[in-house]
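# Got a sequence here, can you build the structure:
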Amino acid sequence: MLRNYKAVGRVLYGRNAFAQLDDIFEPLRVDAGSYVLFLLDEYFEGKDLVKRIPMKNGDLIRFMDVTDEPKTKVVDALVEEVMNEKGMAPVSVVGIGGGSVMDYAKATRLMFTNPGSSARYQGLDLIKNKGVHCTVVPTISGTGAEVSMTTVLTGPEKKLGIKGDFTPADQVVLDPDLISSVPDPQHFYTAMDCYIHNVEALNGNRKTVMGASLGRESLQLCQEIFLSGNSRTPENDEKLMVASYLGGLSLTYSEVGACHAISYGLATVTGIHHGIGNCIVFNQLDEFYPEEVKEFRKMMEINKVDLPKGVLKDYSSEDIEKMVDVALTLTFMWAHVAGPEWEKVITREKLRDLYMKM
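Okay, the predicted model is just below:
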């Protein structure tokens, strides 16, 4: 049976779109005590962007530590803290930042209306109640978190998304001016998440015409940006923001593949961030995506990116085995890569050898 996908509700796009945030929240502030919960990357604490947020009396702002990947325990603690302080849920949870902050916002809004720990809901269609309104504002582009139906969290046992119809944000604000100050090489690593999304979506058994059409357009934009010789222009900022949006949408109608499955294992054990982790893994995947890995290396050369080497040299064999364990749990990704009998091709030995190269 075909799935009737839920997409993002509204998209506000264009330069200086951030200035219209108040227009989004005003219709939601109907009851006495109504408030908005703003979640920001702690990078912005004390920065001018905070002064531009249209906060009203009673609104809350929390600066999120994104040193590590988003965690279920952080989501649970935040919801408990806010409910103890306010006694009621916010009218909107707003995530302003990169993929981690947007995922925190998407997960937090769900836990105001669903009981227990967010770890209970890691998986597909486990959320039963619609969350409060959610707005996401990317300040770095590439993850596709602004539009995806997944919020990726690391729990006590696994790194896995809360995925389903209740996960997509209700409102996305795409303002290309917000990503112009992203430092190198983070700008490149996060953008490559988008590039890799597209490569994986376009190469696998679950590819569809819809997903492939979105993925090809996003991939072309990535190529225009990172093969141009100057990726850091206002025009390329705008292209990257659109590429991230389209790349995130493409995954709704396809699936990620080998790189994401292996990088989930890498991140679970090491805590390495998703963007750079994907790049480290993708650089070893000539067997799966030979032409695209070659192009990726050309992009690194043009953009003067020196990818870290030997990141696993100090990890034990037990650590490597745990990475393999995590990667092998992502059966839907491997089915996309190698079909229903993927276990005959994707062996522990193959994955162990790939991790050892890192």
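# And the contacts of the one helix or strand Ser250 maps to?
Assessed by DSSP states H and E, Ser250 sits inside helix 234-252. Residues external to helix 234-252 that are found in contact with it (Cβ atoms under 8 Å, 6 or more residues apart in numbering): 5, 7, 11, 15, 138, 141-149, 172, 174, 176-177, 179-180, 191, 194, 197-198, 201, 211-212, 214-215, 217-219, 221-222, 224-225, 228, 230-231. All C-beta spots, glycine's among them, are computed from the backbone N, C-alpha and C.
# Go again with 6 Å.
Residues outside helix 234-252 that contact it (Cβ atoms under 6 Å, 6 or more residues apart in numbering) are 5, 141-142, 144, 147-148, 174, 176, 179-180, 191, 194, 197-198, 201, 211, 214-215, 217-218, 221-222, 225.
# Then stretch 109-117?
Under the criterion Cβ under 6 Å, 6+ apart, residues 75-76, 79, 89, 93, 118, 127, 129, 131-132, 134 lie in contact with stretch 109-117.
# one more time with 10 Å, if that's ok
37, 39, 72-73, 75-76, 78-80, 82-83, 88-90, 92-95, 118, 120-121, 126-135, 151, 155-156, 162, 164, 166-167, 169-170 (Cβ atoms under 10 Å, 6 or more residues apart in numbering).
# Which among those count as buried?
Among these, those buried by neighbour count (16 or more other Cβ atoms under 10 Å) are 37, 39, 72, 75-76, 78-79, 82, 89-90, 92-95, 118, 121, 127, 131-135, 151, 155, 162, 164, 166-167, 169-170.
# Just the ones of the residues you listed in helices?
72, 75-76, 78-79, 82 (DSSP state H).
# tell me which of those is nearest to Cys279?
Distances from Cys279 to those, taken as Cβ to Cβ, are shortest for Thr72 (25.6 Å).
# For that closest one, give me its contacts.
By Cβ under 10 Å, 6+ apart, Thr72 lies in contact with 107, 111, 117-122, 153-160, 162.
# right, and Ser34 touches Phe25 too?
Yes. With contact defined as Cβ atoms under 10 Å, Ser34 reaches Phe25; the gap is 9.1 Å.
# which neighbours do those two share?
56, 59, 90-92.
# Can you lay out these as JSON lines showing pLDDT and distance to Val66?
Listed next are those as JSON lines, based on pLDDT from 0 to 100; distance: Cβ to Cβ, whole Å:
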{"residue": "Lys56", "pLDDT": "96", "distance to Val66": "26"}
{"residue": "Asp59", "pLDDT": "98", "distance to Val66": "21"}
{"residue": "Pro90", "pLDDT": "98", "distance to Val66": "21"}
{"residue": "Val91", "pLDDT": "98", "distance to Val66": "25"}
{"residue": "Ser92", "pLDDT": "98", "distance to Val66": "21"}
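# Quick one: residues contacting Tyr195.
So Tyr195 contacts 142, 188, 218-219, 221-223, 225-226, 243, 247, 278-279, 282, 292, 295-296, 299 (Cβ under 10 Å, 6+ apart).
# where in this protein is pLDDT low?
The model of the chain has pLDDT under 70 over residues 1.
# all helices of it, in order?
With DSSP H as the criterion, the chain has helices at 21-25, 48-51, 72-86, 99-111, 186-202, 209-226, 234-252, 258-270, 274-282, 290-302, 317-328, 331-338, 348-356.
# To Pro308, which of those lies closest?
Closest approach to Pro308 among those (Cβ to Cβ): helix 274-282, 6.7 Å.
# How about residues contacting stretch 342-351?
Stretch 342-351 has contacts (Cβ under 10 Å, 6+ apart) with 205, 258, 261-262, 265, 287, 320-321, 323-328, 331-339, 353.
# neighbours of Gly116, just the number please.
Residues within reach of Gly116, counting by other Cβ atoms under 10 Å, total 9.
# which of the helices of the chain sits most buried?
Of all those, helix 99-111 carries the top mean neighbour count, a mean of 29, counting by mean count of other Cβ atoms under 10 Å.
# Run the angle between it and helix 186-202 for me.
70 degrees (axes from the mean of the first three to the mean of the last three Cα atoms, to 10 degrees).
# Excluding chain neighbours, what is closest to Glu255?
Nearest-residue entry for Glu255: His336, 4.0 Å, with adjacent residues in sequence omitted and distances by Cβ to Cβ, 6 or more residues apart in numbering.
# what pairs with the closest residue to Gly97 other than its chain neighbours across the strands?
Nearest residue to Gly97, sequence neighbours excluded (Cβ to Cβ, 6+ apart): Asp41, at 3.3 Å. In this entry, Asp41 is beta-bridged to Met64, by DSSP bridges.
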